[in-house]
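> The following block contains a protein sequence and its predicted model.
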Amino acid sequence: MSAAEGPLVVGVDTSTQSTKVLVVDAATGEVVARGQAPHTVSTGAGRESDPRQWWEALSEALHQCGDAAREAAAVSVGGQQHGLVTLDDRGAPVRPALLWNDVRSAPQARRLVEELGGAKAWAERTGIVPAASFTVTKWAWLAEHEPESVRATAAVRLPHDYLTERLTGLGTTDRGDASGTGWWASGTETYDEAILAHVGLDPALLPRVGRPGEVVGTVRDNGELPFSKGTLVAPGTGDNAAAALGLGLLPGTPVLSLGTSGTVYAVSTRRPSDPTGTVAGFADARGDWLPLACTLNCTLAVDRVAALLGIDREAVEPGTSVTLLPYLDGERTPDLPRASGLLHGLRHDTTPGQLLQAAYDGAVHSLLGALDLVLDEDADRSAPLLLIGGGARGRAWQETVRRLSGRPVQVPEAGELVALGAAAQAAGVLTGEDPAAVARRWNTARGPVLEAVERDDTALARIAGVLSDAAPLLERETDQH
Ligand SMILES: Nc1ncnc2c1ncn2[C@@H]1O[C@H](COP(=O)(O)OP(=O)(O)O)[C@@H](O)[C@H]1O
Ligand SMILES: O=C(CO)[C@@H](O)[C@H](O)COP(=O)(O)O
């Protein structure tokens, strides 16, 4: 038995690149064991992963935790949002999942906006304006390109639902992740049957939306995972909503997350509705809201630029007047799904380190442009920005965010806030506590605060100028897409 003070809980983060697992002492928040296993994502025109890989990665990550997982009293899964998982009548994937960063459904997104009343009506009805990331557009793409896959589909799930269902045998989701589908009405908090009918998706194929704090099932004795039979399973949620739980986030504090995706968000008590589509009006995993903007090109894109230049990701140099828009995967914020990367201002004396700095600047510029939009009007604009995700460990990321935001930046020591948030949700179903209060009790957001520096308005204006002048190029299709 472990020497933990309280019961043990397991928090899972099944994100784009890997599945991470933390076994946490519910009394103190101490991480007693951890594991991580990678996934593969297809390259080329689409972005797909086989959901069975996520289950295998979960198993591997749990086995890395030794006996600790077997002692856990509850588990919860946070996962990459929006991915379309289609299952047949035996629960097996019909085809690989279409992921959040697959932009092939951009034409279907545009069509859905036009067909169902325009952007304002969508934002008011569902909190989001369809863009290629959202599940409803992926289902419409599948119906158009692979009608045989649609015919074979007996259940539609999100990534976190898929793993939760394999744990419990029951099809469930939560309001946080359901709010990223495009078929969940944020005003009534129910599935929107008219939208579902429009895209030809039978509501009976969708998971039940569990209540915050509900035990949605118990772990089945399937012999594959090192859990004890009967371990309680919490609803889980999308990865950004899980990180908000993991930080014990209160309204007014902005978060910038640097992973495969870049996201900027805050908790709000008001239901968001942005007809420009820049801010997605997601629900959080408790009962509040999570206005959020997301970019497709963050750490992977900048790491790719470093690799092309043959230099370390920290080898940045100041003084650049080069602009690099690192839209290697197309982009969602700004809404340029067909864009590719663009470089402007190259000179004989430009160094590789300056080019790399320009890639960081381009990635951070898009996120900071949405920062004020995710905050309520009365939020304190000088409060520290919480910096999380794999990139938050990097000094070049920290310094770029500091310079381009002009705000103090707090970097929580706890690295895995999505998994910690899931663990807090699991602890909440055991004790009846609010999971965000659990995370605050665990003091998960603690970490150094980097003081504010003067905002580099010159760089921000230069990037905005190139973005605006290059609009026709950025909207142009390249041969691969
Ligand atoms: N020390 C570090 N410095 C900068 N970036 C890092 C560091 N460690 C990891 N990363 C970046 O973090 C990314 C993974 O972040 P993560 O939040 O785990 O991604 P995801 O949740 O999308 O799978 C990698 O792409 C890598 O570039
Ligand atoms: O699409 C979004 C948010 O709307 C992404 O944030 C995904 O949820 C993927 O997250 P990571 O794997 O990058 O953490």
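Nice, thanks for sending it over. Ligands and ions are numbered 1, 2, ... in the order given.
> Can you report phi and psi for whatever residue of the stretch 301-450 of the chain ends up closest to ligand 1?
Residue nearest to ligand 1 within the stretch 301-450 of the chain: residue 390 (2.1 Å; C-beta to the nearest ligand atom). Where you see a C-beta, it was placed from the backbone N, CA and C, and this is true even at glycine. Comment: the main-chain dihedrals of residue 390 come out as phi -50, psi -40, following degrees, to the nearest 10.
> How about the contacts made by it?
Contact analysis of residue 390 by C-beta atoms under 8 Å, 6 or more residues apart in numbering lists 258, 259, 299.
> Now, of those, which are buried?
With neighbours counted using 16 or more other C-beta atoms under 10 Å, the contacts of residue 390 contain these buried positions: 258, 259, 299.
> Hmm, residue 389 and the first one touching each other?
So the one you mean is residue 258. Yes: if you go by C-beta atoms under 8 Å, residue 258 and residue 389 touch, sitting 4.2 Å apart.
> Show me what the helix or strand containing residue 387 is packed up against.
Residue 387 belongs to strand 385-388 when assigned by DSSP states H and E. Counting contacts by 3 or more C-beta pairs under 8 Å, 6 or more residues apart in numbering; DSSP states H and E, strand 385-388 is packed against strand 255-258, helix 395-405, strand 409-410.
> just those: most buried one?
Of the helices and strands packed on strand 385-388, the one with the most neighbours on average (mean count of other C-beta atoms under 10 Å) is strand 255-258, at a mean of 26.
> For that strand, what is the distance to the chain centroid?
10 Å (C-alpha atoms, centre = their mean, to the nearest Å).
> What average pLDDT does the very next helix or strand once past that strand get?
Towards the C-terminus, the helix or strand next in line after strand 255-258, according to DSSP H and E, is strand 262-265. Mean pLDDT, taken over the full extent of strand 262-265, equals 98.
> partners of strand 262-265 in the sheet?
Taking DSSP bridges as the criterion, strand 262-265 pairs within the sheet with strand 255-258 (antiparallel), strand 289-295 (antiparallel).
> Pull the distance from that strand to the chain's centre.
8 Å.
> Report whether that strand contacts ligand 1.
No: taking C-beta under 6 Å from any ligand atom as the criterion, strand 262-265 and ligand 1 are apart, separated by no less than 9.7 Å.
> Of all the residues in the stretch 51-200 of the chain, which one is nearest ligand 1?
residue 80 (7.0 Å).
> Quick one: name the residues of the stretch 51-200 of the chain near ligand 2.
Within the stretch 51-200 of the chain, the positions adjacent to ligand 2 are 80, 81, 82, 100, 133, 180 by C-beta under 6 Å from any ligand atom.
> Make CSV from these and add pLDDT, secondary structure and neighbour count to it.
As requested, these are exported to CSV (pLDDT from 0 to 100; DSSP: H, G, I helix; E, B strand; the rest coil; neighbours: other C-beta atoms under 10 Å):
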residue, pLDDT, secondary structure, neighbour count
80, 98, coil, 28
81, 98, coil, 30
82, 98, coil, 29
100, 97, coil, 28
133, 97, coil, 28
180, 98, coil, 29
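> Now do the contacts for residue 380.
Applying C-beta under 8 Å, 6+ apart as the definition, the contact partners of residue 380 turn out to be residue 252.
> Phi first, then psi, for it.
Backbone torsions of residue 380, given as degrees, to the nearest 10, read phi -80, psi 110.
> Residue 77 too?
When read as degrees, to the nearest 10, the backbone of residue 77 gives phi -120, psi 120.
> just the contacts of residue 390 that are near ligand 2?
With C-beta under 6 Å from any ligand atom as the criterion, these include residue 259 near ligand 2.
> re the thing from before, mind putting the buried ones among the contacts of residue 390 in TSV, pLDDT and distance to residue 198 included?
Putting the buried ones among the contacts of residue 390 into TSV (pLDDT from 0 to 100; distance: C-beta to C-beta, whole Å) gives the following:
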residue	pLDDT	distance to residue 198
258	98	36
259	96	33
299	98	36
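> still on that earlier bit, mind picking the one among the contacts of residue 390 that's closest to ligand 2?
residue 259 (3.7 Å).
> what's the nearest residue to that closest one once chain neighbours are set aside in contact with, if anything?
In space, and not counting its chain neighbours, residue 259 is closest to residue 389: 4.0 Å by C-beta to C-beta, 6 or more residues apart in numbering. Residues near residue 389 by C-beta under 8 Å, 6+ apart: 257, 258, 259, 298, 299.
> what about the closest residue to the fourth one other than its chain neighbours, neighbour count?
So the one you mean is residue 298. Once its chain neighbours are removed from consideration, residue 298 has its nearest residue in residue 262; the separation is 3.5 Å (C-beta to C-beta, 6+ apart). A total of 28 residues lie near residue 262 under the criterion other C-beta atoms under 10 Å.
> need the contact list for residue 41.
Residue 41 makes contact with 16, 17, 47, 48, 49, 99, according to C-beta under 8 Å, 6+ apart.
> what about it, distance to residue 107?
Residue 41 sits at a distance of 22 Å from residue 107 (criterion: C-beta to C-beta, to the nearest Å).
> do residue 445 as well
The value you get for residue 445 to residue 107, if C-beta to C-beta is used, is 41 Å.
> who's more crowded, these two?
Taking residue 445 and residue 107 together and counting by other C-beta under 10 Å, residue 445 has the greater number of neighbours (22 against 14).
> and the stretch 251-400 of the chain, which residues reach ligand 2?
Those residues of the stretch 251-400 of the chain that sit near ligand 2, judged by C-beta under 6 Å from any ligand atom, are 259, 260, 261, 263, 280, 294.
> can you do 5 Å?
Within the stretch 251-400 of the chain, the positions lying close to ligand 2 (C-beta under 5 Å from any ligand atom) are 259, 260, 261, 263, 294.
> Any chance of those residues in a markdown table with distance to residue 420 as columns?
Supplementary listing: those in a markdown table, determined by distance: C-beta to C-beta, whole Å:
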| residue | distance to residue 420 |
| --- | --- |
| 259 | 15 |
| 260 | 19 |
| 261 | 19 |
| 263 | 17 |
| 294 | 21 |
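> Low-confidence stretches in this protein?
By pLDDT under 70, the weakly predicted segments of the chain are 1-2, 479-481.
> go again using 90 as the cut-off
Per-residue confidence of the chain (counting by pLDDT under 90) places the weak regions at 1-6, 44-45, 221-224, 228-230, 319-320, 372, 376-383, 415, 476-481.
> Please report how far the residue of the stretch 301-450 of the chain closest to ligand 1 lies from residue 416.
From residue 390 over to residue 416 the distance is 10 Å, taken as C-beta to C-beta.
> With residue 230 instead?
If you measure residue 230 against residue 416 using C-beta to C-beta, the figure is 26 Å.
> And residue 454, by the same measure?
For residue 454, the distance to residue 416 equals 33 Å [C-beta to C-beta].
> got it, and residue 435?
Applying C-beta to C-beta, one obtains 15 Å for the distance of residue 435 from residue 416.
> which one of the two has more residues nearby?
Here residue 435 and residue 416 are compared on neighbour count by other C-beta under 10 Å; more neighbours surround residue 435, at 29 against 25.
> Confirm for me that the more buried one is in contact with residue 243.
No: counting by C-beta under 8 Å, residue 435 sits too far from residue 243 to count as a contact (11.9 Å).
> Can you tell me the element residue 23 falls in?
Using DSSP H and E, the element containing residue 23 is strand 18-25.
> The helix or strand that comes right after that strand and ligand 1 in contact?
Reading on from strand 18-25 to the C-terminus, the next helix or strand found by DSSP H and E is strand 31-38. No: using C-beta under 5 Å from any ligand atom, strand 31-38 never reaches ligand 1; the gap is at least 8.7 Å.
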